[in-house]
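Colleague: using only what follows, build the 3D model:
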Amino acid sequence: MKKIITSKSEKFLEQYLNNASPTGFESPGQKLWMDYMRPYTDEFIIDNYGSVAAVINPGMPYKYIILPAMALFICEEMAVQIT
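Modeller: Numbers count the residues shown, from 1 in each chain. The predicted structure follows:
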């Protein structure tokens with residue numbers, strides 16, 4: 001069986017979950033997330049409120065958008081699997 005959680009993703013999970021990014025001060029967590037997602041995405045969208053999303057296939061009829069909240073949910077699921 002192929003290992004889903006690599007040492008890189010486990011390190012990201014630890015950094016992301018231990019990063020202090022309360023409401024209104026999300027920038028440090030967003031930077032961690034963007035740095036981790038950069039190799040897997042084509043571009044990022046940052047709105048006027050500071051929300052960020054990663055986009056795969058921009059300008060195409062079918063796009064895939066990944067939000068940090070999804071990443072946090074995935075990290076929480078991964079953490080449950082690890083412990």
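Colleague: can you give me the helices for the chain?
Modeller: Assigned by DSSP state H, the helices in the chain fall at 7-17, 27-37, 68-82.
Colleague: between those, which gets the lowest average pLDDT?
Modeller: In terms of average pLDDT, helix 68-82 trails the rest of the helices of the chain, at a mean of 52.
Colleague: skipping adjacent residues, who's closest to residue 41 in space?
Modeller: residue 54 (3.9 Å; CB to CB, 6 or more residues apart in numbering). Quick note: C-beta positions are derived from backbone N, CA and C, even for glycine.
Colleague: ditto for residue 63
Modeller: residue 57 (5.0 Å).
Colleague: which phi and psi does that neighbour have?
Modeller: The phi/psi pair for residue 57 (degrees, to the nearest 10) reads phi 70, psi 50.
Colleague: so what's the residue count around it?
Modeller: 13 (other CB atoms under 10 Å).
Colleague: repeat that for residue 15.
Modeller: 14.
Colleague: about what we covered before: now for the residue nearest to residue 41: which residues touch it?
Modeller: 34, 37, 40-41, 43-44, 65-67 (CB atoms under 8 Å, 6 or more residues apart in numbering).
Colleague: tabulate those (CSV), appending distance to residue 19 and neighbour count.
Modeller: As requested, the contacts of residue 54 are arranged in CSV below (distance: CB to CB, whole Å; neighbours: other CB atoms under 10 Å):
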residue, distance to residue 19, neighbour count
34, 13, 15
37, 15, 18
40, 19, 9
41, 20, 17
43, 23, 11
44, 18, 16
65, 22, 13
66, 18, 18
67, 17, 14
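Colleague: bridging across strands, which residues link to residue 66?
Modeller: Taking DSSP bridges as the rule, residue 66 bridges to residue 54.
Colleague: for residue 37, see how far away it is.
Modeller: Going from residue 66 to residue 37 by CB to CB, to the nearest Å gives 7 Å.
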